[in-house]
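S.K.: okay, sequence plus prediction incoming.
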Amino acid sequence: MWLTSPLISAKHGFSVRHGGVSRAPFDSLNFDDRQDDPALVQQNRTLALQALGFDPEKVARLNQIHSCEVLEAQAGIQTADALVSCEPGLALAIGTADCYPLLFHDPVNGVVGAAHAGWKGTVGRIGARTLEAMERLGADRQHIQVAIGPGISAAQYWVGPEVSKQFRDAGFPEGCFPEGQHLDLLQANRFVLLEAGLSEHQLWTAGRCSTETDFFSYRRDAGVTGRMWAVIGL
């Protein structure tokens, strides 16, 4: 049901698509109710959050708009692409189906964050913006640990020249563009976090591609698919 990082000591997880109650093509642990039966999705959310030890009534989640907006989390739905919090018991949730989920934790100062990094958020350095927002809540960058969950691999992610040009113009290294017009979003997000002053030992990556059968993939399934959640809380 959940993948976890050994680097993050806060309660957290990156969901797989198994262990829920949704029917095909959203089988089975789908967290998004825009195409699926809302009652089944709510059962999935309750089952999965309780498995991590969270109260399903205390979740901050997002209407994600592929922006670089970072908000202080509140229970319910907000419009942005990243959340930060120092509130105990509040679960921060990010939905993905190819984009990369980033989970942040400062265990010394008690601050967490969660970011949704598609190509627009990545080129806008949403990872660095999340670090800045955590610092405004009292976090210290030298203590922040970041886990990057499953997302689409470079081999599966062809982009047009207009997208790769935006990354190059924004200073991303050529290592983010293997095999011509393929974009390595994982390496691009790692670059953003290292550029922002984190060290290698502060980063963990799942190393899994969302087009694998264990996950939902918008690109693989031509838009008819479920969504995973990445969740973290104090």
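M.R.: That came through, no problem. As the structure is a computational prediction, the values presented were derived from the model and not from experiment.
S.K.: need the contact list for residue 89.
M.R.: Neighbouring residues of residue 89 by Cβ atoms under 8 Å, 6 or more residues apart in numbering: 54, 55, 58, 233, 234. Where C-beta positions appear, they are placed from N, C-alpha and C, glycine not excepted.
S.K.: where in the protein is the helix or strand with the lowest mean pLDDT?
M.R.: When each helix and strand of the chain is scored by mean pLDDT, DSSP states H and E, helix 161-169 comes last, with a mean of 95.
S.K.: show me which of the contacts of residue 89 are buried.
M.R.: Among these, the ones that count as buried by 16 or more other Cβ atoms under 10 Å are 54, 233, 234.
S.K.: the contacts of residue 89 into CSV, with extra columns for distance to residue 37, pLDDT and secondary structure?
M.R.: Rendered in CSV, the data for the contacts of residue 89 read as follows (distance: Cβ to Cβ, whole Å; pLDDT from 0 to 100; DSSP: H, G, I helix; E, B strand; the rest coil):
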residue, distance to residue 37, pLDDT, secondary structure
54, 22, 97, coil
55, 23, 96, coil
58, 24, 98, coil
233, 27, 98, strand
234, 32, 97, coil
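S.K.: would you format the residues you listed as CSV with distance to residue 21 included?
M.R.: Shown next, in CSV, are those (distance: Cβ to Cβ, whole Å):
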residue, distance to residue 21
54, 18
55, 20
58, 22
233, 23
234, 29
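S.K.: determine which two of the residues you listed are furthest apart.
M.R.: Spatial extent of the contacts of residue 89 (Cβ to Cβ) is set by the pair 55 and 234 at 12.6 Å.
S.K.: got the contact list for the helix or strand harbouring residue 146?
M.R.: For residue 146, the element it lies in under DSSP states H and E is strand 145-148. By Cβ under 8 Å, 6+ apart, the surrounding residues in contact with strand 145-148 are 5, 7-9, 12, 14, 100-107, 127, 186, 189-190, 193, 198, 202-206.
S.K.: restricted to buried residues, select the residues you listed in PyMOL.
M.R.: Applying 16+ other Cβ under 10 Å to the contacts of strand 145-148, the buried members can be selected in PyMOL as follows:
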select buried, resi 5+7+8+12+14+100+101+102+103+104+105+106+127+186+189+190+193+198+202+203+204+205+206
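S.K.: buried stuff in the lengthiest helix in the chain?
M.R.: Using DSSP state H, we find that the single longest helix of the chain is helix 38-52. Using 16+ other Cβ under 10 Å as the test for burial, helix 38-52 gives 40, 41, 44, 45, 48, 49, 52.
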